[in-house]
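Engineer: 3D, please:
(one chain, ligands or ions: 1)
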Amino acid sequence: FKRIRSKHRPKDELYKMANTFNSMIEILERNFEKQQQFVSDASHELKTPLTIIESYANMLKRWGMKRPDLVEESIDAIYSEAGRMREMTEQMLLLAKNEEDLNMAFTTFNLFDLCVETGKTFENVYQRKVHVHCGERLVYVQADEQKIKQILYILLDNARKYSSEAIDIHVGRTNGNAYFSVEDKGIGIPKENLHAVFDRFFRVDKSRTRTSGGTGLGLAIAKKIIDAHHGNIQIESEEKKGTKVTVILPNRVQNDEVEK
Ligand code: ADP
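Structural biologist: Sure, this is the predicted structure:
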């Protein structure tokens, strides 16, 4: 984009206007670059499953009739990579949305109950112990329940992928705000990578997480949803010790305001 050059003096209105236009152009440029980066990262990420699907389809076409053993392996791989592509596409669509298009549906609910229910479902599906700890059992919040649940799944799933022991959820209030945290005793994240984990497509070890199914979009989505709640999401981690992600939801409702 072209900058506007003003021949006028700093005090002139026209000079000020030109300056305002120039800073607007800078913001536009930054956003444009971000969008370009997103499209380029997304295409790159989608290419890998697509290449796998193509090569298995090719194999099936050439040898499928003569090699029944190959048929099952190929179909499994195609199915799983297509699923991965579907998940990534859905996640990317969500990330591309503006905040006002997220269709936030705020209701009042007990965060502690949600953590217990989600933890139980997770335990049943993945056979991994989830302990829920709380200071109090009534932690009412005004938030989008489905989206908070989605975040809980993202965090629990990360804890499961990058650790092998039980997962702890803590829930309660701090300075009047509600919070929950998901903590694991797993491999942790190197200090130098910690600042980047909320970036789209960021993965500490691309080769390792590919096999465990990571897309590098989970934490970016969690942050986007928490930003739409005007809340806060923080991560603490130490290599070989574990990771703790804490979500703070702003104080919109107190327990005694909720009719029991
Ligand atoms: P992914 O789908 O790859 O897990 P995320 O955005 O959820 O994507 O996380 C980004 C990266 O941060 C992961 O690829 C992983 O390297 C690191 N990470 C996230 N959570 C954990 C955790 N609990 N323990 C260790 N590393 C983690």
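Engineer: what residues does the stretch 51-200 of the chain have near the ligand?
Structural biologist: 154, 158-159, 162, 184, 186-189, 197 (Cβ under 6 Å from any ligand atom). (Glycine included, C-beta is placed from N, CA and C.)
Engineer: how about a cut-off of 5 Å?
Structural biologist: Contact residues (Cβ under 5 Å from any ligand atom) of the stretch 51-200 of the chain with the ligand: 158-159, 162, 189, 197.
Engineer: by neighbour count, which of the residues you listed wins?
Structural biologist: Counting neighbours by other Cβ atoms under 10 Å, Ala159 comes out on top of these with 26 neighbours.
Engineer: on that earlier part again, mind picking the two most distant members of the residues of the stretch 51-200 of the chain next to the ligand?
Structural biologist: Taking every pair in those and measuring Cβ to Cβ, the maximum separation is 13.4 Å, between Ala159 and Val197.
Engineer: shared neighbours, those two?
Structural biologist: Residues touching both Ala159 and Val197 (Cβ atoms under 8 Å, 6 or more residues apart in numbering): there are none.
Engineer: ramachandran coordinates for Asn175?
Structural biologist: When read as degrees, to the nearest 10, the backbone of Asn175 gives phi 50, psi 40.
Engineer: and it, how far is that from the ligand?
Structural biologist: Asn175 sits 25 Å away from the ligand, going by Cβ to the nearest ligand atom, to the nearest Å.
Engineer: measure that residue to Ile169 for me?
Structural biologist: Distance check for Asn175 against Ile169: by Cβ to Cβ, to the nearest Å, it reads 20 Å.
Engineer: give me the phi and psi for Ser181.
Structural biologist: Main-chain torsions, Ser181, degrees, to the nearest 10: phi -140, psi 150.
Engineer: for it, what are its contacts?
Structural biologist: Ser181 neighbours (Cβ under 8 Å, 6+ apart): 169-171, 244-247.
Engineer: so what pLDDT did it get?
Structural biologist: At Ser181 the predicted local distance difference test score is 98.
Engineer: with adjacent residues omitted, what lies nearest to Glu238?
Structural biologist: Gly188 (5.1 Å; Cβ to Cβ, 6 or more residues apart in numbering).
Engineer: any low-confidence regions in the stretch 51-200 of the chain?
Structural biologist: Residues of the stretch 51-200 of the chain meeting the criterion pLDDT under 70: none.
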